[in-house]
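Q: coordinates for the following, if possible.
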Amino acid sequence: MSRPHGHWSAHLSCTDPVVGPLNRARLEGILDAYPDLEGVFLSIPEGFFQDPYPETDALIQREWDKYGEALELLRKYWGKFWPGTDRQNEHMRADIAFTENVKKTIAEAKNLKPDLKLGICTVCKSYLLTHLHDVLPKDMPFIDIESRALWTLEGAPLHLFQRMKGRECVVILRAVDDGSLAGMQFSLWQYSRDRFLESAEENGTAGLMIQTTHIRGNEHSMRYLASGMWGGCREPVEFYREYAMRVFGEQAADRIVDAFMILEKNDEHLGGRGQKNLPWNMLPQHIGIMKSFRDFERPFDRAPFAVETVQAFERSAEMFKVSIGYLSQALALLEGTGPDTHESGRRELAYIVSRTKGYRAHLQALVDITGLYRTYYEIFEEGPRNDLPGFRRTLGALVEDAARLEARTRTSARFFAACVSHTTDLAVLWMISHKMVLGSQCLHGFLSNIQAFYDGREYWKPVPWDKLFGRSVYPAYTLEPLNENHVETEYEPG
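A: Numbers count the residues shown, from 1 in each chain. Here you go, the predicted model:
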């Protein structure tokens with residue numbers, strides 16, 4: 001099957017005869033490498049990829065009626081994020097194909113090693129697990145990521161696990177959301193409303209697994225989840241009060257709690273995913289759009305993006321402006337607690353302050369680049385023909401704005417560099433430095449060349465696009481060269 005998305009490898013059709021032997025070989029390799037392992041989880045991906053072969057279409061038609069309730073659940077709980085009957089039907093077709101792969105792999109595993117334990121891992125697909133519970137052996141545990149910040153906008157439907165009695169089920173929650181890796185995340189509002197801590201009693205789930213990328217800066221989330229699982233859940237504000245008293249001391253606690261609750265409000269304002277301001281693939285959309293700049297054939301005639309792109313960025317920018325206000329309010333409270341903070345808590349306070357300042361500068365850089373793109377688009381829409389001197393002045397101001405943007409991203413990077421205290425902090429610093437700082441440098445150089453063209457100066461100074469995006473006609477995930485005009489427009493699976 002063709003590779004459907006830049007973040008995934010190619011897929012095999014579920015009716016391809018080599019699926020069974022291939023997965024058997026994979027299992028043999030795993031068992032050879034780890035002879036004492038307890039079991040293997042079979043993963044059903046979070047994306048939805050269409051299998052185009054007629055044999056698969058025939059299989060889906062035979063199986064379709066069995067998935068009627070799963071499709072109904074998908075529409076009810078996932079429908080606001082994935083609207084439209086056609087799209088929802090496509091998703092179910094993909095899930096039927098994935099389920100067929102799972103069934104074949106289970107058969108291969110049982111033939112290979114009958115006592116090998118097997119489990120199922122899914123991402124936001126508890127609607128599908130209700131069907132799999134009826135058709136798969138009951139000794140297979142299910143683990144599944146759910147969150148109101150992902151695809152079920154009205155809340156994680158953990159009650160669906162009540163349908164899976166007699167099976168071990170574990171919920172995976174996100175201690176770090178991979179859509180917003182720059183700032184510290186304050187997600188207790190999500191955990192509380194989705195009732196993760198209550199799920200064991202209410203839904204019969206067997207505890208929690210935690211998805212995280214960064215350990216440092218998420219101690220409060222880990223503490224909340226751990227203490228809630230052992231000692232019972234509490235309201236976020238109650239937890240923060242105990243946490244602040246213990247870490248920062250009694251005199252600083254009230255202001256720390258107020259700051260944390262503002263940061264919670266900010267996290268909720270941005271939807272729990274930060275509007276993808278620094279996503280897991282390291283490429284904010286504001287930087288990703290520059291892929292179209294690198295090989296643009298008419299840089300002196302028009303902007304290399306559509307007005308709809310600018311409008312989408314402007315919608316995010318309005319949210320970022322509100323967020324910047326929240327971060328400023330929280331910082332004023334945090335910085336004011338310095339003299340009253342226990343000596344043992346001052347290092348933690350300095351980390352939070354520096355990380356939050358870096359986050360604020362990062363969001364401001366995204367607001368700045370959005371305004372820059374709007375001006376860039378508009379001056380070329382009007383064009384230089386009617387008023388060349390005025391066009392040159394506006395273009396010069398645009399290049400100055402690009403220089404200020406580059407300075408802003410460097411300021412953000414300095415704040416992130418100042419709070420590196422764990423190996424995983426280096427990842428955020430690298431992402432900010434490589435994508436935001438280098439990206440703004442490329443934009444500045446690109447616009448400077450356009451300005452030089454209209455000023456009659458040398459306009460072919462190299463822009464380090466390849467350092468920013470890389471260049472290989474044979475990327476690691478395919479043997480087929482990409483079309484020279486290929487631009488990856490999607491930034492997340494699905």
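
Q: which residue is nearest the middle of the chain?
A: The centroid of the chain falls nearest to residue 179 when counting by C-alpha atoms, centre = their mean (2.9 Å).

Q: for the helix or strand harbouring residue 221, C-alpha coordinates in PDB please.
A: Assigned by DSSP states H and E, residue 221 falls within helix 219-231. The C-alpha coordinates for helix 219-231 follow below in PDB (Å, rounded to 0.1, in the frame of the first residue of the first chain):
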ATOM      1  CA  GLU A 219       6.500  16.500  39.100                       C
ATOM      2  CA  HIS A 220       3.200  18.100  40.100                       C
ATOM      3  CA  SER A 221       1.200  16.000  37.600                       C
ATOM      4  CA  MET A 222       3.000  12.800  38.600                       C
ATOM      5  CA  ARG A 223       2.500  13.500  42.300                       C
ATOM      6  CA  TYR A 224      -1.200  14.200  41.800                       C
ATOM      7  CA  LEU A 225      -1.700  10.900  39.900                       C
ATOM      8  CA  ALA A 226       0.400   8.800  42.200                       C
ATOM      9  CA  SER A 227      -1.100  10.200  45.400                       C
ATOM     10  CA  GLY A 228      -4.600   9.900  44.000                       C
ATOM     11  CA  MET A 229      -4.200   6.300  43.100                       C
ATOM     12  CA  TRP A 230      -2.900   5.400  46.500                       C
ATOM     13  CA  GLY A 231      -4.800   7.800  48.800                       C
END
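
Q: low-confidence regions, the chain specifically.
A: Applying pLDDT under 70 to the chain flags residues 1-10, 472-494.

Q: the same query, at a cut-off of 50, please.
A: 486-494 (pLDDT under 50).

Q: hmm, back to that, please save the CA atoms from the helix or strand following the helix holding residue 221 in CSV.
A: Downstream of helix 219-231, the next assigned helix or strand under DSSP H and E is helix 236-248. Taking C-alpha atoms only, helix 236-248 is exported to CSV below (Å, rounded to 0.1, in the frame of the first residue of the first chain):
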residue,chain,number,x,y,z
PRO,A,236,-6.8,20.2,42.0
VAL,A,237,-6.8,23.3,44.2
GLU,A,238,-6.6,21.2,47.3
PHE,A,239,-3.7,19.2,45.9
TYR,A,240,-1.8,22.3,44.9
ARG,A,241,-2.2,23.7,48.4
GLU,A,242,-0.6,20.7,50.0
TYR,A,243,2.1,20.5,47.2
ALA,A,244,2.9,24.2,47.5
MET,A,245,3.2,24.1,51.3
ARG,A,246,5.6,21.1,51.1
VAL,A,247,7.8,22.4,48.3
PHE,A,248,7.8,26.2,48.7
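
Q: if we can go back for a sec, may I have the phi/psi pair for the residue nearest to the centre of the chain?
A: phi -100, psi -10 (degrees, to the nearest 10).

Q: without its sequence neighbours, what residue ends up closest to it?
A: residue 273 (3.4 Å; C-beta to C-beta, 6 or more residues apart in numbering). For the C-beta atoms, the positions are set from N, CA and C on the backbone; glycine is no exception.

Q: the one you found contacts residue 181, doesn't it?
A: No - using C-beta atoms under 8 Å, residue 273 makes no contact with residue 181, being 10.6 Å away.

Q: more neighbours: which of these two?
A: residue 181 (22 against 19; other C-beta atoms under 10 Å).

Q: how many residues are close by the closest residue to the more buried one other than its chain neighbours?
A: Leaving aside its chain neighbours, residue 181 sits nearest to residue 278 (4.7 Å; criterion: C-beta to C-beta, 6+ apart). Residue 278 has 25 neighbours, counted by other C-beta under 10 Å.

Q: and residue 290, by the same measure?
A: 22.

Q: just checking, it touches residue 441?
A: No - contact criterion C-beta under 8 Å: residue 290 and residue 441 do not qualify, at 11.0 Å.

Q: buried ones in the longest helix anywhere in the chain?
A: In the chain, assigned by DSSP state H, the helix with the most residues is helix 343-382. Buried residues in helix 343-382, counted by 16 or more other C-beta atoms under 10 Å: 345-346, 348-370, 372-377, 379-380.

Q: same check on stretch 393-407?
A: Buried-residue list, stretch 393-407, by 16+ other C-beta under 10 Å: 394, 395, 398, 399, 401, 402, 405, 406.

Q: try stretch 230-247
A: For stretch 230-247, by 16+ other C-beta under 10 Å, it's 233, 234, 236, 239, 240, 241, 243, 244, 245, 247.

Q: and if you look at stretch 208-219?
A: Applying 16+ other C-beta under 10 Å to stretch 208-219 flags 208, 214, 216, 217, 218 as buried.

Q: got a list of contacts for that stretch?
A: If you take C-beta atoms under 8 Å, 6 or more residues apart in numbering as the criterion, stretch 208-219 is touched by 143, 145, 170-176, 178, 181, 184-185, 196, 199, 222, 225, 229, 280, 351-352, 355, 421-422, 424-425, 427-428.

Q: dihedrals phi and psi, the residue of the chain most remote from its centre?
A: Distance from the C-alpha centroid of the chain, by C-alpha atoms, centre = their mean, peaks at residue 386 (44.7 Å). Residue 386 adopts backbone torsions of phi -80, psi -30, taken as degrees, to the nearest 10.

Q: for residue 295, same thing?
A: phi -110, psi 20.

Q: how would you label residue 282: helix, strand or coil?
A: coil (DSSP: H, G, I helix; E, B strand; the rest coil).

Q: still on that earlier bit, inside strands: which ones of the contacts of stretch 208-219?
A: Among these, the members falling in strands are 143, 145, 170, 171, 172, 173, 174 (criterion: DSSP state E).

Q: now the angle from the helix holding residue 221 to strand 169-174?
A: 160 degrees (axes from the mean of the first three to the mean of the last three C-alpha atoms, to 10 degrees).

Q: just the buried residues of helix 219-231, please?
A: Result for helix 219-231 [16+ other C-beta under 10 Å]: buried residues 220, 221, 224, 225, 227, 228.

Q: got it, and stretch 97-106?
A: Going by 16+ other C-beta under 10 Å, stretch 97-106 has these buried residues: 97, 98, 99, 100, 101, 102, 104, 105, 106.

Q: extract the CA atoms of that stretch and return them as CSV.
A: Taking C-alpha atoms only, stretch 97-106 is exported to CSV below (Å, rounded to 0.1, in the frame of the first residue of the first chain):
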residue,chain,number,x,y,z
ALA,A,97,-8.7,-3.9,8.4
PHE,A,98,-6.6,-3.4,11.5
THR,A,99,-8.6,-5.9,13.4
GLU,A,100,-8.1,-8.4,10.7
ASN,A,101,-4.3,-8.0,11.0
VAL,A,102,-4.7,-8.5,14.8
LYS,A,103,-6.6,-11.7,14.4
LYS,A,104,-4.0,-13.1,11.9
THR,A,105,-1.2,-12.1,14.3
ILE,A,106,-2.9,-13.8,17.3
